[in-house]
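> take this sequence and fold it.
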Amino acid sequence: MSTPACTEVGLPHQPAVVFLHGIGGGRHGWAEQQAHVAQLGWRSLAWDMPGYGDSPMVDPYDFPHLARALWQMLDAAHIQQAVLVGHSMGAMVALQAWTQKPERITGLLLAASSPAFGHSDGDFQQQFLAQRLAPLESGKTMADIADRLIPSMVAPGSTAPALALAREGMAAIAPDTYRAALRALVQFEQRSALPTITVPVLCLAAEHDRTAPPAVMERMTQKIPGVRYACLAGAGHLLQYEQPEAFNAELEKFLKDVQP
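Purely as a prediction, here's the structure:
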């Protein structure tokens, strides 16, 4: 297995934060967060999930193998422990990673996500897959999909400058990677892991998120010991793009909870 590509900021002796993007993202979408934590004295890595950007695919493309790729990246960077900050599917990778090597995780920020999607043979999951894959099957490009999906995932009327970066990131995804990630997504199930978490956790929701609504994240918090919950007003599913300053403020507060 080849090591995933990442953008690294900071110095080797500093405590580490690792940023994990969602299904439509990439490492470049975390630039503002990496700059912010650098000012706070943290080292950070933002990865391209396997198959994204410059990262090789994993086979099979599932959450256990995605999490193993994460550990391989941290090993290559000589990082023994880290705070994991995951958005959407990235938060699912973080939860999966907890089930594999909890001793290497010092905190979890789970943004706009859920602990389960369901099973791949369920009606809802099959409908979701068909709906998301239909544009590709009809000959649309990832740029076409980005143009349609991005506006539906943000808060009403959102015109954040960073949304152009979100669109650019989604447009650059290889279609085969997008297919593989969607098929992995609908099989995710880690609700049983929530009560086992023993490190600081922030569940960060967004007021206008229709993909992982605040009510879903609130239910998630009921299963995690000592969890903190926050909801960003005026933001949708792409909260770190839409409200980077508010996201960074919550991230900064959280890192104080886990400061070594």
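
> could you find the closest non-adjacent residue to A160?
Nearest residue to A160, sequence neighbours excluded (C-beta to C-beta, 6 or more residues apart in numbering): E242, at 4.7 Å. The C-beta positions use only the backbone N, C-alpha and C, and glycine is treated the same way.

> continuing past the host helix or strand of F128, what's the next helix or strand?
In this structure, F128 sits in helix 123-137 according to DSSP states H and E. Sequence order places helix 142-153 as the next helix or strand after helix 123-137, per DSSP H and E.

> that next one: which residues count as buried?
Going by neighbour count (16 or more other C-beta atoms under 10 Å), the buried part of helix 142-153 is M142, I145, A146, L149, I150, M153.

> what's next to it, contact-wise?
With C-beta atoms under 8 Å, 6 or more residues apart in numbering as the test, helix 142-153 has contacts from 24, 135-136, 163, 166-168, 170-175, 178, 210-211, 236-238.

> from those, list just the buried residues.
Buried, going by 16+ other C-beta under 10 Å: 24, 136, 163, 166-167, 170-171, 173, 178, 211, 236-238, out of those.

> can you tell me the SS state at D257?
helix (DSSP: H, G, I helix; E, B strand; the rest coil).

> ok, now how distant is the nearest residue to it once chain neighbours are set aside from R27?
Distances taken as C-beta to C-beta, 6+ apart place P200 nearest to D257, at 4.5 Å, with adjacent residues excluded. Per C-beta to C-beta, to the nearest Å, P200 is found 24 Å from R27.

> between those two, point out the one with more neighbours.
R27 (25 against 19; other C-beta atoms under 10 Å).

> that one and D48 touch, don't they?
Yes. With contacts counted by C-beta atoms under 8 Å, R27 reaches D48, the gap being 4.9 Å.

> check what contacts stretch 155-170 and list those residues.
21, 24-26, 28-29, 32, 142, 145-147, 149-150, 154, 206-208, 234-236, 238, 241-244.

> out of these, list just those in helices.
E32, M142, I145, A146, D147, L149, I150, Y241, E242, P244 (DSSP state H).

> for the last one, give its distance to W47.
Spelled out, that is P244. 19 Å.

> pick out whichever of the two has more residues nearby.
Under the neighbour definition other C-beta under 10 Å, P244 and W47 were set side by side, and W47 has more, 28 against 21.
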